[in-house]
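Colleague: fold the following, please.
(one chain, ligands or ions: 1)
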Amino acid sequence: EPPSAEAIIEAFEGVLGPIRTSRPSHAKGTCAAGHFVATPEGARFSVAPVFNGQRVPTIIRFGVGVGNPAGPDTGRTTRSLSIRFETQAGDIWDMANISAPIFGAPTPEAMVAGLVARRPDPATGQPDPQKVAAFLAANPATTLQARWLAATLPPASWATTPYWGVNAFRFRGADGEVRHVRWVFEPRAGVQRLTEEEMRTRPANFLADELRGRVAAAPVEFDMVLQFAGPGDDLVNPTIAWPDDRPRAVVGRLTVTEVAPGPGGACDPISFLTLDLAPGVEYSDDPTLHARTGTYAVSLSRRLQ
Ligand code: HEM
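Modeller: Numbers count the residues shown, from 1 in each chain. Next comes the predicted model:
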């Protein structure tokens, strides 16, 4: 039995304290808005309404993978791009994507065990380094994302990094065929990362103003690209990326046209994980994907109390 949503939230709260107003993960963020338009390839690979080629309004949240809303924009953590699509007919699809191709836990059990191992020791207020080391030694898959982040400089802008959906999904195409896919949002501005020097000198809160400046000059765009699973590709473990040479298709373009002038906004009362698009887009059997649904809902209800 995988851990319940309540058990997962309790594990987060054991490390970060009670959830009150901010998210326990990607606590820092800025609301934005724009629209999505699918390509003909999008309509070919999914019968979901979002891919019908019409302009679909979106509510967007750009985030930073920190446990505290005051965390720095310059650290070797993930950045995020969360999107709510809402079609003219009222179909809603929410997704939360990160700036790394893999996740930090292979299963919900490993995620909970990792959080429990990092619970601060009441005597010191710090996690017990021995417990953390023993957990990592016993769960090497939980070190893969941290290794990727250690080897990759952080983005210079929210507009200059790819964002991966990470979990596998099933797309039902216009031909009736069901395909296992993962997606990535590729920045039309190209990939640009901070230098080591800039990591030290950029202010802790540079990302929101940088994005406001960019969008004031011209919309910021991303191509949504599907990657199709090949034979033997892992469909249930988000710590394993699929090989780069798998077939791809550009299925749509996201255009960011507005950035909130300050904190808060329309993205805050959303937990970005609603899937209302069956039969065009469905969950894979990945247990970490299934664990997200209830957990995001519980987190939302606590932070909106
Ligand atoms: C066992 C698996 C996972 C658990 C238990 C989990 C848990 C959570 C929770 C509790 C939140 C806060 C939600 C809210 O308050 O609205 C969150 C946010 C987030 N998670 Fe996960 N997560 C999991 C897997 C993933 C994966 C695989 C990704 C990779 C794409 C991911 C990316 C994000 C992002 C981007 C956010 C911020 C969403 C926003 O902007 O509101 N998570 N996660």
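
Colleague: what lies in contact with the lengthiest helix in the chain?
Modeller: The helix spanning the most residues in the chain, taking DSSP state H as the definition, is helix 287-303. Applying C-beta atoms under 8 Å, 6 or more residues apart in numbering, the contact partners of helix 287-303 are 2-6, 8-9, 12, 18-24, 103, 105-108, 111, 167-169, 236, 238, 269-273, 275, 283. In short, each C-beta sits where N, CA and C put it, glycine included.

Colleague: select only the buried ones of those in ChimeraX?
Modeller: Buried members of the contacts of helix 287-303, defined by 16 or more other C-beta atoms under 10 Å, are picked up in ChimeraX with:
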select :3,5,8,9,12,19,22,23,24,103,105,106,107,108,111,167,168,169,236,238,270,271,272,273,275
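
Colleague: could I get the average pLDDT for stretch 65-73?
Modeller: Regarding stretch 65-73, the rounded mean pLDDT is 96.

Colleague: buried stuff in that stretch?
Modeller: For stretch 65-73, a neighbour-count test (16+ other C-beta under 10 Å) marks Gly65, Val66, Gly67, Gly71, Pro72, Asp73 as buried.

Colleague: roughly how far is that stretch from the heart of the chain?
Modeller: 15 Å (C-alpha atoms, centre = their mean, to the nearest Å).

Colleague: only alpha carbons, please: show that stretch as CSV.
Modeller: Taking C-alpha atoms only, stretch 65-73 is exported to CSV below (Å, rounded to 0.1, in the frame of the first residue of the first chain):
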residue,chain,number,x,y,z
GLY,A,65,12.2,24.6,-5.6
VAL,A,66,12.7,25.7,-2.1
GLY,A,67,10.8,24.9,1.1
ASN,A,68,10.6,28.6,2.2
PRO,A,69,9.1,31.5,0.2
ALA,A,70,12.1,33.6,1.0
GLY,A,71,14.6,31.1,-0.4
PRO,A,72,17.2,32.3,-3.0
ASP,A,73,16.7,32.3,-6.8
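
Colleague: sticking with the residue located most distally from the centre of the chain, tell me its helix or strand.
Modeller: In the chain, the residue that sits farthest from the middle, by C-alpha atoms, centre = their mean, is Ala123; the gap is 34.4 Å. Counting by DSSP states H and E, there is no helix or strand that carries Ala123.

Colleague: quick one: the helices in this protein?
Modeller: In the chain, helices defined by DSSP H lie at 5-16, 40-45, 108-117, 129-138, 144-150, 196-201, 206-217, 287-303, listed in chain order.

Colleague: let me have these in CSV, extended by mean pLDDT.
Modeller: Converted to CSV, the helices of the chain look like this (pLDDT from 0 to 100):
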stretch, mean pLDDT
helix 5-16, 97
helix 40-45, 98
helix 108-117, 98
helix 129-138, 97
helix 144-150, 98
helix 196-201, 98
helix 206-217, 98
helix 287-303, 96
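
Colleague: looking at the ones you listed, which is closest to the ligand?
Modeller: Judged by C-beta to the nearest ligand atom, the one of the helices of the chain that comes nearest to the ligand is helix 287-303, at 3.3 Å.
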